[in-house]
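1. Provided below are the primary sequence and the corresponding predicted coordinates.
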Protein chains: 2
Amino acid sequence: MEQTILEKLRINQIPQEIEIAYKNEEFPSIEVFLRKIKEGKIVVPANKKRKRNKYYAIGDGCSIKINANIGVTSDFSSFDLELKKAEICEKYNVESVMDLSCGKYAKSFREKLVKEFSFLVGSVPVYDIATRAKNFIKTKPKDFLEVLEEHADSGVDFLTIHAGINLRLAKELEKSQRILNIVSRGGSMIYKWMIENQSENPYYEYFDEVLKILKKYDVTISIGDAFRPGCIFDSGNILQIEETLEVSKLAEKAHNYGVQVIIEGPGHIKADEIPYTIKTIKRICHDFPLYVLGPLTTDIAAGYDHISGSIGALIAGLNGADFICYVTPAEHLRLPNIEDVKEGIIAFKIVAHSVNLVKGFKKSIERDYTMALARKNLDWEKIINTSIDPDKAKEYRKGLSITTCTMCGDLCAIKNSS
Amino acid sequence: MEQTILEKLRINQIPQEIEIAYKNEEFPSIEVFLRKIKEGKIVVPANKKRKRNKYYAIGDGCSIKINANIGVTSDFSSFDLELKKAEICEKYNVESVMDLSCGKYAKSFREKLVKEFSFLVGSVPVYDIATRAKNFIKTKPKDFLEVLEEHADSGVDFLTIHAGINLRLAKELEKSQRILNIVSRGGSMIYKWMIENQSENPYYEYFDEVLKILKKYDVTISIGDAFRPGCIFDSGNILQIEETLEVSKLAEKAHNYGVQVIIEGPGHIKADEIPYTIKTIKRICHDFPLYVLGPLTTDIAAGYDHISGSIGALIAGLNGADFICYVTPAEHLRLPNIEDVKEGIIAFKIVAHSVNLVKGFKKSIERDYTMALARKNLDWEKIINTSIDPDKAKEYRKGLSITTCTMCGDLCAIKNSS
């Protein structure tokens, strides 16, 4: 069997995927980059079966990457709509898309994403298991492994596996003081499966088998956090920490076995608690790349969670989160439509860019510098083209004179002071 | 002449405005609140001529307040449109509105705001001077003072006065390394006036006269920052610091004289530079209440500056900013329409609320707690009514079943784990 990227690096081979990913970053030398991948601090997810032109590195010293969630559901959404969302992701250079599909079109949708787009593709096989099974609770561990392999075989670059929530922790939930028990969809399924069967989490019990499959296709494992907080009051709850400790052990095992690892993180966190929460998770989990959803700084922003999520993601990014999953305005209310997806993407692109400026990436700084000069020169064409979404900037400027800015009208501050 | 709020407190009288403002806050005792107002760390802007039922405190230990900018212009906007914006501000409980009107309808618009709404009203008299004068450069210092008094007399609670940019600093601009010289509209007017006349800034030269007028009506002075950065590269520029030092002296003088003081701050700042920038300004300016515009964490978010502004405002709020001015999606592109105003308000309400949660305000925490419980119980009516903008939440839920959340469909995490 062909070796994984991590194994090749360990014997000092440099796979082409790594070379491509390196070119997007701004490391002082490739040695530093390679060392960090070997240490597990950076991942370059790349399913062996999926050849493409773009590869992305995620982790310490890399620019922040963003992920968008899309996916068909048998009930509520259509194949075409979700495909349009994928096109929007490609248009705005989203680095990663997680396919949360379930139902009968899940497989063909996933295959289409893998084949026709250049972003990273991730998926969550347990959704698929649950919607296919007549009775999910009766599903056997071997079914978990079979669907896992099916996903890996379809070419996805990373898979979310909720392996950290084991039976011991599941049993503790009842006694816990959490308000919203479990808000992780995958986590809640596995919780229910464990409690009703009084059996161990198959991903936890058969973790070696899981790793064997992932290694075969060189799929990166993204270890899900079932106990991520669903409201600001649950953040830092003891079960969340307990699960993080389990995740840490599994992560180390996977890494040593030659499988790249991403750690998934919260969730909902009060703004002042984000820095230590992020730093603690990174520390516990060997500084492996951390992937966060939001986090949201308040629970009341339904309809605008792309904003509460952006705020939280920025603080997370400044404190060590490497990979941020967008939140759309539809979060907590309904499945996002195209416009929601676009709003979520742009908001999180702004966050990633704002953090990348802080990290000192030349590419990012040059873009802001270009904008500053364009404004100094009142060069509207350049202002529009340098902005995060030229379509919207152009729309806003429609019908307006190119010599005057309507913000100040004749009282233009730039003209007055130049 | 009746004494100002500050003077009354100094002889241990407690004006009614103070009692009303105190009730909105959560201080351990009124003594702490009064002491902080006497020290200048909190202001309760309240023009003597304007009696109303609501008064707001801004500053150390108070909840974060937000401001929205609106205003008629002779060229680009209509009286009715701006009035509708004011109604939106009232609807969403915006605590303060700055009237940036200029042109012939400015006076009647300002009077309407003062008379018909309950939010704080602020204005910038120099805009009015500039648009009324045939030739602004030929305006005399006495005209500056006359228009200032006219604004104070119309009942506005606070006035932005760019008094810190003096002739010495104006002359230094040419030699400076700033990219965007001056982006403060009022500041740029005064700059031009000074340079072309080679005369001192009237607000600076006749600051005692300015204070006399403000005291007469008990108007709070909001000292403008002409040298606030217009791009992330100009942040912390030496002229900005020099102006802050001048502002500090003027602020102390005003406070000692019995006039309440707000300090205006940046602008555009890289995310990591916001904490020390805010703390430095607060320290230099005696911990007087700090009012910031954004700040924006990147220059490239035109069309979405409510998001880059929210991100920055949150960090500013966590680090000592007391009063945050909204930024709308239209910022840098055109005058905002009604929808832009609403988007700006909601974004900054989310920021203020997120900071208020961190500050531990019971009222804020209870609201998030109500939401968390509503989610636990899948009580959609309560979820909608507890959200920041129930209209939007309701719209998003339209046509959806009240028993299932479409985020997860049948695979509901909350149901699985309850």
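-> The structure has been received and is ready for your questions. Numbering: from 1, shown residues only, chains lettered A, B, ... in the order given.
2. for A:I221, helix, strand, or coil?
-> strand (DSSP: H, G, I helix; E, B strand; the rest coil).
3. settle this for me: it is touching A:H255, isn't it.
-> No - judged on Cβ atoms under 8 Å, A:I221 makes no contact with A:H255 at a distance of 9.3 Å. C-beta: built from backbone N, CA, C; applies to glycine.
4. shaky segments in chain A?
-> Counting by pLDDT under 70, chain A has low-confidence residues at A:75-77, A:402-410.
5. any idea how it splits into domains?
-> A:5-358, A:362-416 (automatic domain parsing).
6. which other helices and strands does the top helix by length along chain A contact?
-> Criterion DSSP state H: the longest helix present in chain A is helix A:338-359. Where contact means 3 or more Cβ pairs under 8 Å, 6 or more residues apart in numbering or on different chains; DSSP states H and E, helix A:338-359 is packed against strand A:65-70, helix A:79-91, helix A:305-318, strand A:323-325, helix A:362-376, helix B:305-318.
7. A:L6: which of these is closest?
-> strand A:323-325 (17.7 Å; Cβ to Cβ).
8. quick one: the closest one near chain B?
-> No - judged by Cβ under 8 Å from any Cβ of the partner chain, strand A:323-325 stays clear of chain B, getting no closer than 12.5 Å.
9. ok, back up a step: tabulate the helices and strands packed on helix A:338-359 (TSV), appending distance to A:G59 and mean neighbour count.
-> Shown next, in TSV, are those (distance: least, Cβ to Cβ, whole Å; neighbours: other Cβ atoms under 10 Å in any protein chain shown):
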stretch	distance to A:G59	mean neighbour count
strand A:65-70	9	24
helix A:79-91	21	17
helix A:305-318	13	29
strand A:323-325	8	26
helix A:362-376	17	18
helix B:305-318	23	29
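10. among the ones you listed, which is nearest B:H353?
-> Closest approach to B:H353 among the helices and strands packed on helix A:338-359 is made by helix A:305-318 (8.8 Å; Cβ to Cβ).
11. tell me which other helices or strands that closest one touches.
-> Using 3+ Cβ pairs under 8 Å, 6+ apart, helix A:305-318 sits against helix A:274-284, strand A:290-293, strand A:323-325, helix A:338-359, helix B:305-318, helix B:338-359.
12. again, only this time at 7 Å
-> Here helix A:305-318 touches helix A:274-284, strand A:323-325, helix A:338-359, helix B:305-318, helix B:338-359, going by 3 or more Cβ pairs under 7 Å, 6 or more residues apart in numbering or on different chains; DSSP states H and E.
13. between that helix and strand A:65-70, how big is the angle?
-> With axes from the mean of the first three to the mean of the last three Cα atoms, to 10 degrees applied, the angle from helix A:305-318 to strand A:65-70 works out at 150 degrees.
14. put the alpha carbons of helix A:305-318 into PDB.
-> C-alpha atoms of helix A:305-318 as PDB (Å, rounded to 0.1, in the frame of the first residue of the first chain):
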ATOM      1  CA  ASP A 305     -25.300  34.500  13.700                       C
ATOM      2  CA  HIS A 306     -22.800  35.200  10.900                       C
ATOM      3  CA  ILE A 307     -22.100  38.400  12.900                       C
ATOM      4  CA  SER A 308     -21.900  36.900  16.400                       C
ATOM      5  CA  GLY A 309     -19.900  34.100  14.800                       C
ATOM      6  CA  SER A 310     -17.500  36.400  13.000                       C
ATOM      7  CA  ILE A 311     -16.800  38.200  16.200                       C
ATOM      8  CA  GLY A 312     -16.000  35.000  18.000                       C
ATOM      9  CA  ALA A 313     -14.000  33.500  15.100                       C
ATOM     10  CA  LEU A 314     -11.800  36.600  15.100                       C
ATOM     11  CA  ILE A 315     -10.900  36.200  18.700                       C
ATOM     12  CA  ALA A 316     -10.400  32.500  18.200                       C
ATOM     13  CA  GLY A 317      -8.200  33.100  15.200                       C
ATOM     14  CA  LEU A 318      -6.100  35.500  17.200                       C
END
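15. and that helix, how far out from the chain's middle?
-> 13 Å (Cα atoms, centre = their mean, to the nearest Å).
16. need the helices and strands packed on helix A:305-318 in a markdown table (columns: distance to B:L250).
-> What follows is the helices and strands packed on helix A:305-318, written out as a markdown table (distance: least, Cβ to Cβ, whole Å):
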| stretch | distance to B:L250 |
| --- | --- |
| helix A:274-284 | 36 |
| strand A:323-325 | 43 |
| helix A:338-359 | 33 |
| helix B:305-318 | 22 |
| helix B:338-359 | 28 |
